[in-house]
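Peer 1: Predicted coordinates and the sequence they were generated for:
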Amino acid sequence: MKHRSNSRPCRHRKKPEELLATGPNQVWSWDITYLSSIVKGIYYYLYLFEDIWSRAIVGWAVHTNESAENAAEAMEKICAANNIKEVRLHSDNGSPMKGATMLATLQRLGVVPSFSRPGVSNDNPYSESLFKTLKYCAGFPKRFKSLAHADEWTVGFVEWYNNEHLHSGIKFVTPMQRHNGEDKIILAKRKQTYLNAKNQKPQRWSGSTRNWNWEQNVFLNPGKEDRLLTNLAS
């Protein structure tokens, strides 16, 4: 049973911390992605903060470099704008996330940090999904002319994403509709519409209608039991 090959033996990484959000502004996720400039070798860096419960973008900033100082400044402004007194903030293990300036700012603001496992790319799925939506949306510039151009484009994207984008992960309501509690009424009406349609023409339905039930619990890195319960609820 001893490992004899030249390769490194398999390492079993510790399970990531499980976080549960039952409403807005309880658990946030954030990360940094680069935006290419028209000048080769020059990049702009988008700091993006998302509420995992509603999927709403709660804040962002664009800079010419990655640093804990930039992250701390952004976090301070976002907490003030959202009147945050306490929140869990999840990220990967990058130096801007774990820098002394950022950690000191989080402690002062009452924000409890949470981190992905080192070398594991799927412990921060909400931010990764958001970046994919951003970079694959219509109109995303392959290269930005300037920092001002990156700022201007991000303003438009955040407005569209929060208020117009029907997010499949929250049953096709907009992130701000869920963030503001409007999704309960929308989903209830949608569920009734489907039931009425089935009652009028039952022959067109081979099974139950689509699940439009409102869900309160949102997990980040859930355990096996929580994944099973979520699947059963769906």
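Peer 2: Sure thing, it's come through.

Peer 1: Helix or strand with the lowest mean pLDDT in this structure?
Peer 2: Ranking every helix and strand in the chain by mean pLDDT, DSSP states H and E puts helix 224-233 at the bottom, with a mean of 45.

Peer 1: Provide the strand pairings for the helix or strand containing Val62, with the direction of each partner.
Peer 2: Taking DSSP states H and E as the criterion, Val62 maps to strand 57-63. Strand pairing for strand 57-63, using DSSP bridges, gives strand 43-51 (antiparallel).

Peer 1: Can you list the buried residues in the partner strand?
Peer 2: For strand 43-51, a neighbour-count test (16 or more other CB atoms under 10 Å) marks 43-51 as buried. (C-beta placed from N, C-alpha, C; glycine too.)

Peer 1: could you redo those residues as CSV and give each row distance to Gln26 and pLDDT?
Peer 2: Below are these laid out as CSV (distance: CB to CB, whole Å; pLDDT from 0 to 100):
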residue, distance to Gln26, pLDDT
Tyr43, 32, 97
Tyr44, 30, 98
Tyr45, 27, 98
Leu46, 24, 98
Tyr47, 20, 98
Leu48, 18, 98
Phe49, 14, 98
Glu50, 13, 98
Asp51, 8, 98
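
Peer 1: Can you add distance to Asn82 and give those back as CSV?
Peer 2: What follows is those, written out as CSV (distance: CB to CB, whole Å):
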residue, distance to Asn82
Tyr43, 28
Tyr44, 24
Tyr45, 22
Leu46, 19
Tyr47, 15
Leu48, 15
Phe49, 10
Glu50, 12
Asp51, 9
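
Peer 1: so which of these comes closest to Leu147?
Peer 2: Closest approach to Leu147 among the buried residues of strand 43-51 (CB to CB): Tyr44, at 5.8 Å.
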